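Trainee: Following is a predicted model, sequence given first.
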Amino acid sequence: MIRVEDLRVAFGQDANRVTAVDGVSLTVREGECFGLVGESGSGKSTVLRAVSGLNHDWTGRVSVAGADQSPRRAKGFFKTCQMVFQDPYGSLHPRHSVDRILAEPVAIHGLDDADGRIDRALREVGLGPSFRFRYPHQLSGGQRQRVAIARALILEPRVLLLDEPTSALDVSVQAEILNLLRRLRAAHGLTMVLVSHNLAVVANLCDRLAVMNRGRLVEELTVDALRHGDARQPYTQQLLRASQGYDRATAESFRDFA
């Protein structure tokens, strides 16, 4: 469903030029959930923005649903591929009602039965019709993210790109959103790419993952291998250790240096 070959993205000019993505190649099968993990600044979200068509300045090859994509996409592409952003507080227009937020993509793409589509989308994400004429400030963080997911789903895409969709939410709400995404994937046969620095979130939702560091893809592994700690690269092993939280023995070993 997704093929990326030798993707390169740089920002700035001359001495200020920074290479954010350096020769990344990966594939995602149809119906699969693929994770991209790494520390902040490793290039994960930049890869996602290139695939989604939001970043126009890249080189390499990007193919979605069997079609090679140019940096600037035709409008029809966005019926196939949609993105859910990290911050539900910033991704929804504060002065637009939920109804207007969900009606906008329907109008842009000239689809019929807007009312029916909006009602179905809200029900699919666990929000009833009573939420339709509320504004973002009247919703919790989890409800806002559900609206953002409904906005992505309303065009009935085949690919859903998820940029840290739970990182701005508390732990209990994170679990609700992950369960929702799992149900939606099964119900619609969605292909998903999940960007996260949280290995527990990736292990919960994904089948395979790639680890990024300083713009490069350093290792690919299955979620089973992740759960068993079977990482080959030192950087991935370090991420696994960091994800295990506080370790008293390690902390004690540094006591003499305090």
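Mentor: Received, thanks. A quick note: this is a predicted structure, and the numbers were derived from the prediction, not measured.
Trainee: Helices along the chain, start to end?
Mentor: 44-52, 77-80, 98-108, 114-124, 141-153, 171-188, 199-205, 223-227, 234-243, 248-253 (DSSP state H).
Trainee: I'd like to know which of these is closest to residue 91.
Mentor: Nearest to residue 91 among the helices of the chain is helix 141-153; the distance by CB to CB comes to 5.3 Å. Every residue, glycine included, has its C-beta placed from N, CA and C.
Trainee: other SSEs contacting that closest one?
Mentor: Counting contacts by 3 or more CB pairs under 8 Å, 6 or more residues apart in numbering; DSSP states H and E, helix 141-153 packs against strand 81-84, helix 98-108, helix 114-124, helix 171-188.
Trainee: Now do that helix: distance to the chain's middle.
Mentor: For helix 141-153, the separation from the chain centroid amounts to 13 Å (computed by CA atoms, centre = their mean, to the nearest Å).
Trainee: Next, the angle from it to helix 171-188.
Mentor: Here helix 141-153 runs at an angle of 20 degrees relative to helix 171-188 (axes from the mean of the first three to the mean of the last three CA atoms, to 10 degrees).
Trainee: any residues touching helix 141-153, and which ones?
Mentor: Contact with helix 141-153 is made by 82-85, 88-89, 91-92, 98, 101-102, 105, 121-122, 124-127, 131, 136, 139, 160, 165-166, 168-170, 173, 176-177, 180-181, 184, 188, as judged by CB atoms under 8 Å, 6 or more residues apart in numbering.
Trainee: re the thing from before, of the helices of the chain, which approaches residue 26 most closely?
Mentor: Comparing the helices of the chain under CB to CB, the one sitting nearest is helix 44-52, at 8.2 Å.
Trainee: what packs against that closest one?
Mentor: Against helix 44-52 (3+ CB pairs under 8 Å, 6+ apart) you get strand 2-11, strand 18-28, strand 33-37, strand 59-64, strand 81-84, strand 159-163, strand 191-196.
Trainee: Would you reformat those as CSV and include mean neighbour count, distance to residue 152 and mean pLDDT?
Mentor: Shown next, in CSV, are the helices and strands packed on helix 44-52 (neighbours: other CB atoms under 10 Å; distance: least, CB to CB, whole Å; pLDDT from 0 to 100):
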stretch, mean neighbour count, distance to residue 152, mean pLDDT
strand 2-11, 17, 16, 97
strand 18-28, 18, 17, 96
strand 33-37, 25, 15, 96
strand 59-64, 16, 15, 97
strand 81-84, 23, 4, 96
strand 159-163, 24, 6, 97
strand 191-196, 26, 11, 96
